[in-house]
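Trainee: Fold the stuff below for me.
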Amino acid sequence: MSKSKPKIIVILGPTGSGKSELAIKLAKKFDGEIVCADSRQVYKEMIIGTDSPIIKNIPHHLFHIIAPDKNFNVAIYKRLAIKAIKDILKRGKVPFLAGGTGLYIQAIVDNVNFPIVLPQKELREKLEKKTLEELFKIYQKLDSQGAKIIDKKNKRRLVRAIEVCKVAGKPFSQQKKGGKPLFDVLQIGLKLPKQKLEKKIRERTGKMFNVGLKKEVKNLIKKYSFDIPAMCAIGYQEWSAFVKASVDKPMDTFTKNEKEKIKELIILHTIQFAKRQITWFKRDKQIHWIKNIKRAEKLISGFLVK
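Mentor: Predicted coordinates:
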């Protein structure tokens, strides 16, 4: 890449790997600011279940910017993220893009242009009634290549991909086009051994329950409902079956056994999601995988002076 391009640093990795903490430490050391690259942490009122970072001293951008019942997609994210990055650069700071949503990161790193397709209300209402398995089969028929890499456990993303295919009349994967790179990018990935990552996910989920995840979910249901797109996120969707199966049973009366089952579901789904994230990131050979902060500091020091 040309040296004339502005420099940005990406800190990525699977959920639970500790990338948020790493990004904060690195941004503090290198006079940077952090831009969210997490498709769940952009939502307001979803703090505990998304394990949002505790924001101290280091400016954070695009965290909790949109109501859970509003539509949000990668094209909107790209526009807002580029604006935030350019603002950080204007002030002489180093932009750190931090998160685990591969598509969001790719949109910035590769300057991917996405098709402009407005939400189709009737189509969405029809698709929302289908199961994940049914949605995936539909998308597989419309876009066999895209189906190989999409998060097939993410209902919101499947609905959007099908919507774009049907409106545009061709596979979603063929509509994404990489433009001329906007930035000189250093991508740093945080890698943990499988057992250590799973242990951290289990501990993190337990902490979420201890600090009030149930109350957060309860408040969201009361204000919005389970039917909004954002509630498909792991940490929230798992409560749905218990709530819907017990219409007259308030969440406050859930038994210890029921709450334990929900917790185990969240842990299972999070581990499965982390595996899918790792599979996505493995495709990108430009990522520097690290095991400790010292290696990251060395990479960044060399990158910023070149």
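
Trainee: What are the boundaries of the helices in the stretch 151-300 of the chain?
Mentor: 155-168, 172-175, 194-210, 213-223, 240-245, 256-282, 293-305 (DSSP state H, counting those that start in this stretch).

Trainee: Name the stretch among those helices that sits most buried.
Mentor: Mean neighbour counts were taken over the helices of the stretch 151-300 of the chain using mean count of other CB atoms under 10 Å, and the top value, a mean of 21, falls to helix 155-168. Any C-beta I mention is one placed from the backbone N, CA and C, and that applies to glycine too.

Trainee: Residues contacting that one, please?
Mentor: With contacts defined as CB atoms under 8 Å, 6 or more residues apart in numbering, helix 155-168 is touched by 73, 115, 117, 119-120, 123-124, 127-128, 132, 135-136, 138-139, 142-143, 146, 150-152, 171-172, 175, 229-230, 232.

Trainee: that older thread, could the helices of the stretch 151-300 of the chain go into a markdown table alongside mean pLDDT and distance to residue 185?
Mentor: As requested, those are arranged in a markdown table below (pLDDT from 0 to 100; distance: least, CB to CB, whole Å):
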| stretch | mean pLDDT | distance to residue 185 |
| --- | --- | --- |
| helix 155-168 | 87 | 24 |
| helix 172-175 | 74 | 22 |
| helix 194-210 | 96 | 25 |
| helix 213-223 | 90 | 34 |
| helix 240-245 | 69 | 38 |
| helix 256-282 | 92 | 14 |
| helix 293-305 | 96 | 9 |
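
Trainee: Residue 108 is nearest to which of these?
Mentor: Relative to residue 108, the nearest member of these by CB to CB is helix 256-282, separated by 14.6 Å.

Trainee: What lies in contact with stretch 272-285?
Mentor: Contacts with stretch 272-285, where a contact means CB under 8 Å, 6+ apart, come from 12-17, 100, 102, 106, 149, 151, 153, 187, 189, 197, 201, 234, 287.

Trainee: switch to 10 Å and redo it
Mentor: Counting by CB atoms under 10 Å, 6 or more residues apart in numbering, the neighbours of stretch 272-285 from elsewhere in the structure are 10, 12-17, 100-103, 105-106, 109-110, 148-154, 187, 189, 191-192, 194, 197-198, 200-201, 233-234, 287, 289.

Trainee: Surely residue 22 touches residue 300?
Mentor: No. With contacts counted by CB atoms under 10 Å, residue 22 stays clear of residue 300, the gap being 11.2 Å.

Trainee: which residues are in contact with both of these two?
Mentor: Overlap between the neighbourhoods of residue 22 and residue 300 consists of 11, 96, 188, taking contacts as CB under 10 Å, 6+ apart.
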